[in-house]
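A.B. asks: just a sequence and a predicted model for now, questions to come.
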Amino acid sequence: MKNIYLDNAATTPVDPRVVEKMLPYLNEYFGNPSSIHSYGRKARVAIEEAREVIAEFINCKPGEIYFTSSGTEANNFALSGISKTEFIESGRKSIITSLSEHHSVLETCDKLSTEGFTVRKSTIDKNTSVPVGNITGLIDDDTSLISIIHVNNETGIINNIEELSSQKPENIFLHTDGVQSFGKIKTDVKELGVDAFTASAHKIRGPKGVGFAFVKSGTPISPLIFGGAQERNRRGGTENVPAIVGFAEAVKIASDEMQSNYEYVKSLQKRFLDGLNSLNDKSFIINGEPLYFPYIVSVTLLSEYYNNDIEAVLMFLDINGVAVSSGAACTSGTLKPSHVLLNAGLKYEDAAGTIRFSFGTQNTPEEIDYTLEIIKKLLHKFRK
């Protein structure tokens, strides 16, 4: 049976070159990087070299990079750390985000709203993008922070962070969740014009369990995790040295191969979309069109034509050797319809029939062709 993995927006297979770099830090270079002896110093040098690699990749200073356990933690750290510290310094306590954010942003904002902060959520358009005018229209004198996702993790839509940065007042801090964009398209923080940027290693064939937050110098920030002086007193806890080393290696590979990877995955997406369009009798839709980000395709089966039992749909694909998801990995266990698509105007019954296909460099044209064959069978099986 085929074994095809098309859920790369959830996580990616670790590149063997990354594993090779990590292995020494799992055995002989095991020191605690906070220790002053030679074992510790070896680990400390590895972390600082990794920090320099990532800083160069996004065009910032190494001292502006803070390692975390994940993109989720990085988002929590950036939002809570900036908003709470800025409130202490200026008294401003209004945060603007959107209805299409990752749950790690939405739920952090919801928690902040229970602590006295005002949270305004921008509406999104039918393509799931966040119009800049919708955001700027929510700004008032109390606004301290805006957080808008760069590439949507469910539909692949790219939000115009540069335009937002140019239109917002200078005294309002801007954060973008770059978990899906980092390492796949250019993410120069100076060009984006952001004060905070967050990302994760396991989306670019690095290890799970490590992410980072870029926080621009001069941006108010306070710790989320206490109990140690690590990460310049901003993130307590012994650093995950092997994962950080692996993250840096994944970034080096991305730096060398990002453009060729983009073109290759774009060819896979085109092959997939051409095949989908040949099967489409207007009984399903492709979300977020036009698609400018080649790594994600979100397809919704319209409930007028299909029995939208998404668990059965995903199991059918899996039994036939194709691994995909219904949306964000963090919520796929619940199989609830996507909040992003519901907020973009889809009916509950339609949103409940959404499949996310996400591609990686390890996928092949032959895998795309096989997947299209299985989709053709799926459309017949679940047709009303």
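C.D. replies: That came through fine.
A.B. asks: use CA for all of it now, contacts and neighbours both
C.D. replies: Will do.
A.B. asks: surely residue 247 is in contact with residue 208?
C.D. replies: No: between residue 247 and residue 208 there is no contact under C-alpha atoms under 8 Å: 9.1 Å.
A.B. asks: who has more neighbours, those two?
C.D. replies: residue 247 (31 against 19; other C-alpha atoms under 10 Å).
A.B. asks: what do residue 247 and residue 208 both touch?
C.D. replies: residue 201 (C-alpha atoms under 8 Å, 6 or more residues apart in numbering).
A.B. asks: ok, the residue positioned nearest the centre of the chain to residue 238 distance?
C.D. replies: Centroid check for the chain by C-alpha atoms, centre = their mean gives residue 179 as the closest residue, at 2.7 Å. Per C-alpha to C-alpha, to the nearest Å, residue 179 is found 23 Å from residue 238.
A.B. asks: do the same with residue 150
C.D. replies: The value you get for residue 150 to residue 238, if C-alpha to C-alpha is used, is 30 Å.
A.B. asks: which helices and strands does the lengthiest helix in the chain pack with?
C.D. replies: Ranked by number of residues, the top helix in the chain under DSSP state H is helix 241-279. Using 3 or more C-alpha pairs under 8 Å, 6 or more residues apart in numbering; DSSP states H and E, the elements in contact with helix 241-279 are helix 16-22, helix 38-58, helix 365-381.
A.B. asks: same for the first one, what does it pack against?
C.D. replies: Read that as helix 16-22. helix 241-279.
A.B. asks: specify the angle between the helix it packs on and helix 38-58 in degrees.
C.D. replies: Orientation of helix 241-279 against helix 38-58 (axes from the mean of the first three to the mean of the last three C-alpha atoms, to 10 degrees) gives an angle of 30 degrees.
A.B. asks: show me what the helix or strand that helix 241-279 is followed by packs onto, helices and strands only.
C.D. replies: Under the assignment DSSP states H and E, the closest C-terminal helix or strand after helix 241-279 is strand 284-287. Counting by 3+ C-alpha pairs under 8 Å, 6+ apart, the packing neighbours recorded for strand 284-287 are strand 296-301.
A.B. asks: helices and strands around the strand it packs on, which ones?
C.D. replies: strand 284-287, helix 348-351, strand 354-358.
A.B. asks: and the longest one, what's its mean pLDDT?
C.D. replies: Predicted confidence along strand 354-358 averages 97 (mean pLDDT).
A.B. asks: tally of neighbours for residue 371?
C.D. replies: Neighbours of residue 371 under the rule other C-alpha under 10 Å: 22.
A.B. asks: right, and it touches residue 322 too?
C.D. replies: Yes: Residue 371 sits in contact with residue 322 when judged by C-alpha under 8 Å, with a separation of 6.7 Å.
A.B. asks: where's the longest helix of the chain relative to the chain centroid, distance-wise?
C.D. replies: When distances are taken as C-alpha atoms, centre = their mean, to the nearest Å, helix 241-279 is centred 14 Å away from the chain's centroid.
A.B. asks: what angle do it and helix 365-381 make?
C.D. replies: Going by the same axes, to 10 degrees, helix 241-279 makes 60 degrees with helix 365-381.
A.B. asks: any idea of the angle helix 241-279 forms with strand 354-358?
C.D. replies: Using the same axes, to 10 degrees: helix 241-279 against strand 354-358 is 120 degrees.
A.B. asks: which SSE is residue 121 in?
C.D. replies: With DSSP H and E as criterion, residue 121 is part of strand 118-122.
A.B. asks: what lines up beside that strand in the sheet?
C.D. replies: When pairing is defined by DSSP bridges, strand 118-122 lines up against strand 94-98 (parallel).
A.B. asks: who's in contact with the strand it pairs with?
C.D. replies: Against strand 94-98 from outside (C-alpha under 8 Å, 6+ apart): 83, 106, 109, 117-124, 130, 135, 138-139, 142-148.
A.B. asks: repeat the analysis, applying 6 Å as the threshold.
C.D. replies: For strand 94-98, contacts defined as C-alpha atoms under 6 Å, 6 or more residues apart in numbering pick out 117-122, 142-148.
A.B. asks: write the PyMOL selection for whichever of the residues you listed are buried.
C.D. replies: What follows is the PyMOL syntax selecting those of the contacts of strand 94-98 that are buried according to 16 or more other C-alpha atoms under 10 Å:
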select buried, resi 117+118+119+120+121+122+143+144+145+146+147+148
